[in-house]
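Engineer: Here you go, sequence then predicted model.
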Amino acid sequence: MARYGLIGRHLSHSFSQRYFTEKFGRDGLTSHRYDLFELDRIEALPELLASTPGLRGLNVTIPYKQAVIPYLHTLTPTAAAVGAVNTMDIRNGILTGHNTDVDGFRATLLPLIGDARPRALVLGSGGASRAVAFVLRELGIRFRVVSRSRETGDITWDMLDPSLVSACPLIINTTPLGMHPAVDGMPDLPMSAVGLKHCLIDLVYNPEKTRFLLAGEAQGARVANGLTMLHAQAEAAWRVWAG
Ligand SMILES: NC(=O)c1ccc[n+]([C@@H]2O[C@H](COP(=O)([O-])OP(=O)(O)OC[C@H]3O[C@@H](n4cnc5c(N)ncnc54)[C@H](OP(=O)(O)O)[C@@H]3O)[C@@H](O)[C@H]2O)c1
């Protein structure tokens, strides 16, 4: 049996198990299975690895994308540059950390911007924000990270004035604000400064359109949710595991 799975703290609403179980069924991979492994602390990972024979790969989610790194033997250059791992490959006892959120975000962004390189605002400074920042840097897009703290971001929310929002046609929400079940949440930025030239991306995909995206749409902006990223990062994880 070739085993795969997801580690994280709360996984009851995971998309990944259904995605991979359906994929294995479609592709006739009857000796493959994908499980959810809820860990209340990352220190439980070695025991999970020891007690799960046949484990070939794990996805990693909140809150362990950074905490998992000391447990790995090696990182891909991308995962090392991002500083976060969302996919682990297990081969001959060697644990390699990958970051396929980067592939997922690139797949979302490129069709939206084409050859343009608009200035950007990245809302939030967590694990997903680091993957987003990696792709923006790779594409030569200038951006600022908006954070609750000056220590983790370039600017704080109170510094987000209409002129800055107007000067940054690409705005990416990497915070969980607006995510189910707290769907009333929304990043606190002057939406009146958003207009026709703007493109708003929300990494949240449940609900399909967050309050942030609905407000952007009402101002005439183009919007995209996190669904393309979700599918593309899973497909990239499978390419890692399938070699
Ligand atoms: N579509 C996809 O494939 C995909 C992939 C990865 C993540 N995501 C989504 O992206 C979101 C973030 O995931 P993550 O792994 O980056 O989580 P994370 O590491 O916890 O980071 C989230 C960041 O959002 C900011 N934040 C959190 N609560 C906030 C609040 N109440 N007000 C303002 N800012 C707040 C924080 O930044 P500061 O500390 O700088 O304020 C925090 O570091 C989640 O909703 C997740 O589901 C989607």
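Structural biologist: Done, it's in.

Engineer: quick check, the longest helix along the chain touching the ligand?
Structural biologist: Looking across the chain with DSSP state H, the single longest helix is helix 227-242. Yes: using C-beta under 6 Å from any ligand atom, a contact is recorded between helix 227-242 and the ligand, made by Met229, Leu230, Gln233. (C-beta placed from N, C-alpha, C; glycine too.)

Engineer: confidence score at the nearest residue to the second one once chain neighbours are set aside?
Structural biologist: Here the nearest residue to Leu230 in space, its sequence neighbours aside, is Tyr205; by C-beta to C-beta, 6 or more residues apart in numbering that works out to 5.7 Å. Confidence per residue is given as pLDDT, and for Tyr205 that number is 94.

Engineer: what about the residue lying closest to Trp241 once chain neighbours are set aside, neighbour count?
Structural biologist: Distances taken as C-beta to C-beta, 6+ apart put Gly57 closest to Trp241, at 4.1 Å, once the chain neighbours are dropped. By the criterion of other C-beta atoms under 10 Å, Gly57 has 23 neighbours.

Engineer: show me what contacts whatever residue of the chain ends up closest to the ligand?
Structural biologist: Of the chain, the residue with the smallest distance to the ligand, taken as C-beta to the nearest ligand atom, is Gly126 at 1.8 Å. With contact taken as C-beta atoms under 8 Å, 6 or more residues apart in numbering, Gly126 is in contact with Thr174, Thr175.

Engineer: Report how many residues lie close to the residue nearest to Leu230.
Structural biologist: By other C-beta under 10 Å, neighbour count at Tyr205 equals 19.

Engineer: wait, doesn't it sit right on Leu227?
Structural biologist: Yes: contact criterion C-beta atoms under 8 Å: Tyr205 and Leu227 qualify, at 4.4 Å.

Engineer: Now do the same for Val223: helix, strand or coil?
Structural biologist: Following DSSP: H, G, I helix; E, B strand; the rest coil, Val223 is assigned to strand.

Engineer: which residue packs closest to it, ignoring adjacent ones?
Structural biologist: Leu213 (4.3 Å).

Engineer: State the phi and psi torsions of that neighbour.
Structural biologist: The phi and psi torsions at Leu213 (degrees, to the nearest 10) take the values phi -70, psi -40.

Engineer: in the sheet, who's paired with the residue nearest to Trp241?
Structural biologist: With DSSP bridges as the criterion, the beta-bridge partners of Gly57 are Tyr4, Asp89.
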